[in-house]
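Chemist: pasting the sequence and the predicted coordinates here, then a few questions.
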Amino acid sequence: MAIDLSNPAGPDKARPTAAPQHRVHWARTLVDHGPELSLLVLCVALSLATDTFFSFRNLLNVLDQLTVLGIMALGMTAVIVIGGIDLSVGSVLALSMMVMGWLSNVVGIPMPLAILAALGMGAICGLGSGLLITHARLPAFIATLATMSICRGLANMVTDGSQIVGYPDWFSAMSINRYFGFLSITVGLFIVLTIAAAIFMKYRAAGRSLYAIGGSAEVARLAGIPVRKVTLAVYTVCGLLAGLAGAVMSTRLDSSQPSGGLGYELDTIAAVVIGGASLSGGVGTIWGTLMGVLTIGVLRNGLNLLGVSPFVQQVVIGGVIVLAVAVDSNKRRIG
């Protein structure tokens, strides 16, 4: 009786094949390019569902609508990469825009100085969150939750809950006038900030240190990275960008509203996670965040075109967040 020595497991054991490895490879490829593929699928589906989605006017609307979210998502990317979270960005946006409106329309200071004050207010709020995390040793979730509540309350206190309307024409024109037929100043600002953030995160030593902190803060500290200072800087910049987003929102609305940015913190976190960032830290790119921002913007725009209720839209966005986090949680298992 001949014995097949090429199969040491015995004649009753099936030989392992390479098929599972191929399946793992394809699964990993799909996960790695998930943000781009999901955006592509979404665009194809909406183009089939409505004949107005790919119109030039509608695409311009998508660009305009995602600018505020995109600016905040740049800061949130850095926060999530270091293993943090910031629930306060929507409220910081509201407080910053209210401070800007109050200073310009009530106090009467020049509008450019009021815009700088909005940026400063956002940075101060971000710094406050950072100090609570690094010095008071509060978890990022609790610290930024407290900042969210404080900033929202202050935003309503500035004018006792009333909105501020009526800004200079040049200010509102920044989001209305289009150069080269499609590019407004606010969209151009978002593009420039995105390129700058991508270069910083990928090619600068300070940007790479964010990934080290997200991977292990203790190892990063032993390697000589000033973890506390970097964490403070990240939250301060995130707050500053939220303040800038508040000014951009005011250009679009021609007003400042204490309810501005309500719920934006969830959309911002969702955009970053959909873009492939890991909530456990150490993973995330600006390119991925851009894909996530586009996905959120396109999804909301498409649902509006289809006449879907805003309440149903929240359910859909929530489902997308769950799906994105589920994919993130299973990345290591696939790998």
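Modeler: That came through, no problem.

Chemist: what's the first helix or strand after the helix or strand hosting residue 244?
Modeler: Here residue 244 sits within helix 227-253, counting by DSSP states H and E. Later in the chain than helix 227-253, the nearest helix or strand by DSSP H and E is strand 255-256.

Chemist: could you give the mean pLDDT of that following strand?
Modeler: In this model, strand 255-256 has a mean pLDDT of 92.

Chemist: strands paired with that strand, and their directions?
Modeler: If you go by DSSP bridges, strand 255-256 pairs up with strand 164-165 (antiparallel).

Chemist: off-centre distance for the helix holding residue 244?
Modeler: 12 Å (C-alpha atoms, centre = their mean, to the nearest Å).

Chemist: just stretch 268-282 next, same as before
Modeler: For stretch 268-282, the distance to the chain centre is 8 Å (C-alpha atoms, centre = their mean).

Chemist: that stretch: end-to-end distance?
Modeler: 18 Å (C-alpha to C-alpha, to the nearest Å).

Chemist: circling back: for the helix holding residue 244, packing partners?
Modeler: helix 56-81, helix 89-101, helix 111-134, helix 169-173, helix 185-203, helix 205-215, helix 217-222 (3 or more C-beta pairs under 8 Å, 6 or more residues apart in numbering; DSSP states H and E). For glycine as for every other residue, the C-beta is placed from the backbone atoms N, C-alpha and C.

Chemist: please repeat the previous calculation with a cut-off of 6 Å.
Modeler: helix 56-81, helix 89-101, helix 111-134, helix 217-222 (3 or more C-beta pairs under 6 Å, 6 or more residues apart in numbering; DSSP states H and E).

Chemist: tell me the most buried of those?
Modeler: Comparing these by mean neighbour count (mean count of other C-beta atoms under 10 Å), helix 89-101 ranks first with a mean of 30.

Chemist: residue 243: which of the helices and strands packed on helix 227-253 is closest?
Modeler: helix 111-134 (2.2 Å; C-beta to C-beta).

Chemist: what helices or strands is that closest one leaning on?
Modeler: Here helix 111-134 touches helix 89-101, helix 140-158, helix 227-253, going by 3+ C-beta pairs under 6 Å, 6+ apart.

Chemist: quick revisit: JSON lines please, covering the helices and strands packed on helix 227-253 and showing distance to residue 179.
Modeler: Formatted as JSON lines, those follow (distance: least, C-beta to C-beta, whole Å):
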{"stretch": "helix 56-81", "distance to residue 179": "12"}
{"stretch": "helix 89-101", "distance to residue 179": "24"}
{"stretch": "helix 111-134", "distance to residue 179": "20"}
{"stretch": "helix 217-222", "distance to residue 179": "43"}
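
Chemist: and stretch 188-206, what's buried?
Modeler: 189-190, 193-194, 197-198, 200-201 (16 or more other C-beta atoms under 10 Å).

Chemist: contacts for that stretch?
Modeler: 67, 70-71, 74, 207, 286 (C-beta atoms under 6 Å, 6 or more residues apart in numbering).

Chemist: can we see that at 8 Å?
Modeler: 67, 70-71, 74, 77-78, 81, 179, 207-208, 210, 230, 241, 248, 285-287, 290 (C-beta atoms under 8 Å, 6 or more residues apart in numbering).

Chemist: quick one on the thing from earlier: as JSON lines, the buried residues of stretch 188-206 with pLDDT and distance to residue 149 would be great.
Modeler: Output for those, formatted as JSON lines (pLDDT from 0 to 100; distance: C-beta to C-beta, whole Å):
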{"residue": "189", "pLDDT": "95", "distance to residue 149": "29"}
{"residue": "190", "pLDDT": "95", "distance to residue 149": "28"}
{"residue": "193", "pLDDT": "97", "distance to residue 149": "28"}
{"residue": "194", "pLDDT": "96", "distance to residue 149": "30"}
{"residue": "197", "pLDDT": "96", "distance to residue 149": "28"}
{"residue": "198", "pLDDT": "96", "distance to residue 149": "33"}
{"residue": "200", "pLDDT": "96", "distance to residue 149": "31"}
{"residue": "201", "pLDDT": "94", "distance to residue 149": "30"}
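
Chemist: which of those residues sits closest to residue 41?
Modeler: residue 194 (22.9 Å).

Chemist: name the helix or strand for the closest residue in space to residue 77 that isn't next to it in sequence, please.
Modeler: Nearest residue to residue 77, sequence neighbours excluded (C-beta to C-beta, 6 or more residues apart in numbering): residue 289, at 4.7 Å. Following DSSP H and E, one finds residue 289 within helix 286-305.

Chemist: buried residues in that helix?
Modeler: Going by neighbour count (16+ other C-beta under 10 Å), the buried part of helix 286-305 is 286-303, 305.

Chemist: so where is the protein shaky, pLDDT-wise?
Modeler: Low-confidence segments of the chain, defined by pLDDT under 70: 1-33, 328-335.

Chemist: try 50 this time
Modeler: 1, 3, 5-6, 8-9, 11-13, 16, 18-19 (pLDDT under 50).

Chemist: center of it, which residue is that?
Modeler: residue 73 (2.4 Å; C-alpha atoms, centre = their mean).
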